[in-house]
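1. fold the stuff below for me.
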Amino acid sequence: MPWADNPDLDREMDALFDRADEAMAEAAAGFLREVLDQPGAGVKWPGLPNPSSAPGAYPARQSGDLLKSIGAQKVGQEWHFGSFNAPPEAWALEYPSPPDSPITRQSAHGARPWLSKFLGDELGHKVVWDALDSILGR
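-> Now for the predicted structure:
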């Protein structure tokens, strides 16, 4: 039996994949908002509202600018998550010495990666997989 296109099935599959992509992007953004909305467990530096994060932890909430920029958006046909309209802090926290950054480091403690940290975070992965499972009905 030769293969025959099924436009109805194609539309249903495209819609399912779009819902799955959206759910996973929203779950990732929600996880990031949750972990970035915490005071740190590190040193309380003068001039900052909260203690800084401890080495290896997600960055602590300070101004809230990074937190406000976190979201999920559809770009073209794909869903993306991360920092949209990123404040300088987004880059300065992620990279040790961001090129052309308006933020200069006054310490040798380095960056507090948040997006790359998420990529290796097992709990973050679970949240995303759970979102996919909910769409697939598993």
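
2. center of this structure - which residue?
-> Closest to where the C-alpha atoms of the chain average out (C-alpha atoms, centre = their mean) is residue 82, at 4.1 Å.

3. next structured bit after the longest helix that the chain contains?
-> Longest helix of the chain, by residue count under DSSP state H: helix 7-36. Tracing the chain past helix 7-36, the next element assigned as helix or strand by DSSP states H and E is helix 65-69.

4. mind checking pLDDT for the residue nearest to the centre of the chain?
-> Looking at residue 82, its pLDDT stands at 94.

5. tell me who's in contact with it.
-> The contact partners of residue 82, taken as C-beta atoms under 8 Å, 6 or more residues apart in numbering, are 29, 32, 70, 71, 115. (Each C-beta comes from the backbone N, C-alpha and C, glycine too.)

6. so what's the residue count around residue 80?
-> Here the count is done by other C-beta atoms under 10 Å, and residue 80 has 15 residues near it.

7. give me phi/psi at it?
-> The main-chain torsion angles of residue 80 are listed as degrees, to the nearest 10 and equal phi -130, psi 150.

8. residues contacting the nearest residue to it once chain neighbours are set aside?
-> The spatial neighbour of residue 80 that comes closest, neighbours along the chain excluded (C-beta to C-beta, 6 or more residues apart in numbering), is residue 73 at 5.8 Å. Residue 73 sits next to 25, 79, 80, 81, 84 when contact means C-beta under 8 Å, 6+ apart.

9. correct me, but residue 63 touches residue 92?
-> No. The pair residue 63 and residue 92 does not pass the contact test of C-beta atoms under 8 Å, sitting 11.8 Å apart.

10. export the lowest-mean-pLDDT helix or strand in the chain to PDB, keeping only CA atoms.
-> Comparing every helix and strand of the chain by mean pLDDT, DSSP states H and E singles out helix 88-94 as the least confident one, with a mean of 80. Written as PDB, here are the backbone C-alpha positions of helix 88-94 (Å, rounded to 0.1, in the frame of the first residue of the first chain):
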ATOM      1  CA  PRO A  88      22.800  43.700  31.600                       C
ATOM      2  CA  GLU A  89      22.700  41.500  34.700                       C
ATOM      3  CA  ALA A  90      21.500  38.600  32.500                       C
ATOM      4  CA  TRP A  91      24.800  38.500  30.700                       C
ATOM      5  CA  ALA A  92      27.000  39.700  33.500                       C
ATOM      6  CA  LEU A  93      25.700  36.800  35.700                       C
ATOM      7  CA  GLU A  94      26.000  34.200  33.000                       C
END
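
11. nice, that's everything, thank you.
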